[in-house]
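**Q** structure for this input, please:
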Amino acid sequence: KILPAPFITLITGFSLIGILTGCLRSASRASGYRFSVIVCFLIAAFPFTILDIASPVWALLIGVLTAKLLGEGDKGT
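**A** Numbers count the residues shown, from 1 in each chain. Predicted structure coming up:
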């Protein structure tokens, strides 16, 4: 008997939680872009379109702007 689609989606989501947390942890720990990484992820996580531009593109743009405005990243060392 086939499992219902919402159940399969739930199991798939649970299996990806570990991967997601590991990626976020390594992205924010390995670099000086902690706040920018979180902002970029949160924007990309929600599907929306502004001016026919999808949320992943906006996430990258706003993430870069956030990093520049906050002065995150390598400090020339």
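**Q** so where does residue 39 fall, helix or strand?
**A** According to DSSP states H and E, residue 39 maps onto helix 34-45.
**Q** in that helix, what's buried?
**A** Buried residues in helix 34-45, counted by 16 or more other Cβ atoms under 10 Å: 36-37, 39-41, 43-44. To be clear about C-beta, it is placed using only N, CA and C from the backbone, and glycine gets the same treatment.
**Q** nearest spatial neighbour of the most centrally placed residue in the chain, chain-adjacent residues omitted?
**A** Computing the C-alpha centroid of the chain and ranking residues by Cα atoms, centre = their mean puts residue 41 first, at 2.1 Å. Closest residue to residue 41 apart from its sequence neighbours, by Cβ to Cβ, 6 or more residues apart in numbering: residue 24 at 6.5 Å.
**Q** list the helices and strands the strand or helix carrying the one you found packs on?
**A** Counting by DSSP H and E, the element that carries residue 24 is helix 5-29. Applying 3 or more Cβ pairs under 8 Å, 6 or more residues apart in numbering; DSSP states H and E, we find helix 5-29 packed against helix 34-45.
**Q** by how many degrees do the helix holding residue 39 and helix 5-29 diverge?
**A** Helix 34-45 runs at 160 degrees relative to helix 5-29, counting by axes from the mean of the first three to the mean of the last three Cα atoms, to 10 degrees.
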